[in-house]
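Visitor: Turn this into a structure:
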Amino acid sequence: MAIFKLRRISDEVPAGMPAATADPTASSSRPIRRRRLLEAAETIVAGAAAVALWDAHADPAEAAGIGSTLEEYFSILATGEALFVTFYRQAVVNHEKLGINGDALNALRAILTEEQIHYNFAVARGGTPATTHFSFPHGKKTFENRSLFLETQQLSEELTNGALLAWIRDMAALGRPRLAQIGGQLMQTEGGHRVVGRVIMGADPWDDWAFGPVALTSFLQVPGVVKAHGFLSPRPGNDFEYHPVSATFPGVIHTTP
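Guide: Numbers count the residues shown, from 1 in each chain. Sure thing, here's the model as predicted:
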């Protein structure tokens, strides 16, 4: 596969340029900066055009291979989103047992809607969930004990953020910048879900990550990791089925990537 590298704007500044000229606040540098910015923009446009050109003229067999690979990615994504629709749906249904009401319950309902939107997105792009039956590390107690629910919620969102970070890396390697960007859009939302859980549990501080941890080297590792943590082994007494919910909720915005 051809790989096209885009130069950063900072790379456009020659190493020997005087400090006054490189300073963006120096008035004498404005014509030079404008030219450099235009050159950088042309580089980006040319790079994007080259990727599009490669896509248009790719070998059919190689293009089919990429299509199959992307289908696998979207299927893994669909499975994960079905899992978390199931998780948050159970939380909403059992909110009284969990002692979650008011603003906290409203936040969980919004998260549930967002997970359904993510599921719909994955399926619309060819993803098929590997299963619609899921387990949880603490079984039914997950939705009867507040502490166990919040512990599972934090684990779930941390796994999800690590998975999406791997998605971004994989899509960049596959030459799919838009899908990498969408991975970032998803990760922004899932990071917010993690913080909501920390607010509900009264953690201090609520937001405690300066950088998200790198947990996986590839998104394709996700099924094995999720199963190892107890989410993909349904059995009698610990078998929760996915049921779709509404993809709309008051206040939830930016519903398409």
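Visitor: only C-alpha atoms for contact and neighbour calcs from this point on.
Guide: Will do.
Visitor: Can you list the buried residues in whichever strand or helix holds residue 81?
Guide: Residue 81 is part of helix 60-93, with elements assigned from DSSP states H and E. Using 16 or more other Cα atoms under 10 Å as the test for burial, helix 60-93 gives 70-92.
Visitor: Also stretch 197-213?
Guide: Of the residues in stretch 197-213, those buried (16+ other Cα under 10 Å) are 197-198, 200.
Visitor: Now it: average pLDDT?
Guide: Averaged across stretch 197-213, pLDDT comes to 96.
Visitor: swap in stretch 224-240?
Guide: For stretch 224-240, the mean per-residue pLDDT is 97.
Visitor: re earlier: remind me what the helix holding residue 81 packs against, helices and strands.
Guide: helix 102-124, strand 133-134 (3 or more Cα pairs under 8 Å, 6 or more residues apart in numbering; DSSP states H and E).
Visitor: can you put the ones you listed in TSV and add mean neighbour count, mean pLDDT and distance to residue 210?
Guide: TSV is the format used below for the helices and strands packed on helix 60-93 (neighbours: other Cα atoms under 10 Å; pLDDT from 0 to 100; distance: least, Cα to Cα, whole Å):
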stretch	mean neighbour count	mean pLDDT	distance to residue 210
helix 102-124	20	98	22
strand 133-134	22	98	32
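Visitor: could you point out where this structure is predicted with low confidence?
Guide: By pLDDT under 70, the low-scoring segments of the chain are 1-65.
Visitor: Which single one of the buried residues of stretch 197-213 is nearest to residue 234?
Guide: residue 197 (24.6 Å; Cα to Cα).
Visitor: Make sure the closest one is indeed in a strand.
Guide: No: assignment of residue 197 by DSSP: H, G, I helix; E, B strand; the rest coil gives helix, placing it outside any strand.
Visitor: before we move on, back to that, export the helices and strands packed on helix 60-93 to a markdown table and tack on distance to residue 220?
Guide: What follows is the helices and strands packed on helix 60-93, written out as a markdown table (distance: least, Cα to Cα, whole Å):
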| stretch | distance to residue 220 |
| --- | --- |
| helix 102-124 | 15 |
| strand 133-134 | 19 |
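Visitor: Figure out which of these is closest to residue 182.
Guide: Nearest to residue 182, of those and by Cα to Cα, is helix 102-124 at 10.6 Å.
Visitor: Against which helices or strands is that closest one packed?
Guide: By 3+ Cα pairs under 8 Å, 6+ apart, helix 102-124 packs against helix 60-93, helix 177-201.
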